[in-house]
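**Student:** next one to model:
(chains A and B)
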Protein chains: 2
Amino acid sequence: MAPAPSCPLCAQDGGQLVWRGAKLRVIRADEAGFPAFYRVVWHAHVAEFSDLNATDRAHCMDAVALVEQALREHLQPVKINLAALGNMVPHLHWHVIARFGWDSHFPAPVWAAAQRERAAEREEQVRSQLARAEAHMGLGLARL
Amino acid sequence: MAPAPSCPLCAQDGGQLVWRGAKLRVIRADEAGFPAFYRVVWHAHVAEFSDLNATDRAHCMDAVALVEQALREHLQPVKINLAALGNMVPHLHWHVIARFGWDSHFPAPVWAAAQRERAAEREEQVRSQLARAEAHMGLGLARL
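**Tutor:** Next up is the predicted model:
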């Protein structure tokens, strides 16, 4: 599958690169209010999950589960949110977002209206754990 | 895994039942403005995708991909949206939503603010195709 000329996820990583493999990469997104917001980006320019064959789907979701597990283990979020939307950027990418009861939107989805003010100190505390979580991701992803 | 006493997805199907297998079911949700909004609900009360082992994760996502493919083939949506959130109901369920350029929220996520009025006639046209899409899902799911 050739890169698509105007696709931002074909042109660049799309965030802070955490890990890059043969078929996919993991990036940390910079989304205000959500310090542990990751994306698993499939390298090839396909729009839909079902564009992948069964082997690639399993590989992709193994990576998603591994990122999720690292976030659960290191950050103890109240919930993980997973989503592949792609309405704006139709290039397959999975959002993997650690959610906390104190975050600005919980229990609403991150795309809905905010429920409360952001908690800068708690966000910073999460941020301080990310290096360890990402090291854990990297080790696991390399074994996939 | 025992049913959880106060969990709505342990107590009932959670929508119009399309198909029920040994480990999961597919339901059609009744979400205003989104006539082709399905959920793949894991029967057992687990909160997170990574609570499943690799075999169950693959089975779950095969079902998600199959629902997605049936929607793509029968409805020609502009995009499929997939999400496992569970902030309100922490019992694993995947939203599989056919999105259209004319729908009330596109290209925003269905959980964000509406972008325009609903298009009742177009919604009805989608609704008229659902029986065939669901028959297709049922045949495919039975083979998983």
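**Student:** would you mind listing what in chain A touches chain B?
**Tutor:** Chain A has residues A:47-50, A:54, A:57-58, A:61-62, A:64-66, A:68-69, A:72, A:79-88, A:90, A:99, A:106-109, A:111-113 near chain B, with proximity defined as Cβ under 8 Å from any Cβ of the partner chain. Glycine gets a C-beta too; all of them are placed from N, C-alpha and C.
**Student:** emit the PyMOL select command for whichever of these are buried.
**Tutor:** Buried subset of the residues of chain A next to chain B, written as a PyMOL selection, criterion 16 or more other Cβ atoms under 10 Å in any protein chain shown:
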select buried, chain A and resi 47+48+49+50+57+58+61+62+64+65+66+68+69+72+79+80+81+82+83+84+85+86+87+90+99+106+107+108+109+111
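**Student:** quick check, residue A:82 in a strand?
**Tutor:** Yes - membership of residue A:82 in a strand is supported by DSSP: H, G, I helix; E, B strand; the rest coil.
**Student:** just give the nearest non-adjacent residue to it, would you?
**Tutor:** residue B:84 (4.5 Å; Cβ to Cβ, 6 or more residues apart in numbering or on different chains).
**Student:** from what I can see that neighbour touches residue B:50, true?
**Tutor:** No - in this structure, residue B:84 is not within contact of residue B:50 by Cβ atoms under 8 Å, at 10.5 Å.
**Student:** re the thing from before, quick one, what contacts the residue nearest to residue A:82?
**Tutor:** Residue B:84 is in contact with A:81-83, B:49, B:92-95, counting by Cβ atoms under 8 Å, 6 or more residues apart in numbering or on different chains.
**Student:** all helices of chain A, in order?
**Tutor:** In chain A, the helices defined using DSSP state H lie at A:8-11, A:54-75, A:120-127, A:130-143.
**Student:** count of neighbours near residue A:94?
**Tutor:** Around residue A:94 there are 25 other residues, counting by other Cβ atoms under 10 Å in any protein chain shown.
**Student:** how far away is it from residue A:76?
**Tutor:** Residue A:94 sits at a distance of 21 Å from residue A:76 (criterion: Cβ to Cβ, to the nearest Å).
**Student:** and residue A:115, how many neighbours?
**Tutor:** Here the number of neighbours of residue A:115 (other Cβ under 10 Å) works out to 11.
**Student:** from what I see, it and residue A:104 are in contact.
**Tutor:** Yes - in this structure residue A:115 lies within contact range of residue A:104 using Cβ under 8 Å: 6.7 Å.
**Student:** which residue, other than its chain neighbours, is closest to residue A:93?
**Tutor:** residue A:41 is the one closest to residue A:93 (Cβ to Cβ, 6+ apart), at 4.4 Å.
**Student:** what pLDDT is listed against residue A:56?
**Tutor:** Predicted confidence (pLDDT) at residue A:56: the value is 98.
**Student:** oh sorry, the question was meant for residue A:3
**Tutor:** 90.
**Student:** tell me the contacts of it?
**Tutor:** A:10-11, A:45.
**Student:** which of those count as buried?
**Tutor:** Among these, the ones that count as buried by 16+ other Cβ under 10 Å are A:10, A:45.
**Student:** which of the contacts of residue A:3 sits closest to residue B:128?
**Tutor:** residue A:45 (33.0 Å; Cβ to Cβ).
**Student:** may I have the residues that are in contact with the spatially closest residue to the closest one that is not a sequence neighbour?
**Tutor:** Closest residue to residue A:45 apart from its sequence neighbours, by Cβ to Cβ, 6+ apart: residue A:4 at 4.6 Å. Under the criterion of Cβ under 8 Å, 6+ apart, the neighbours of residue A:4 are A:10, A:45, A:91.
**Student:** just the residues you listed now: which is nearest chain B?
**Tutor:** residue A:91 (11.5 Å; Cβ to the nearest Cβ).
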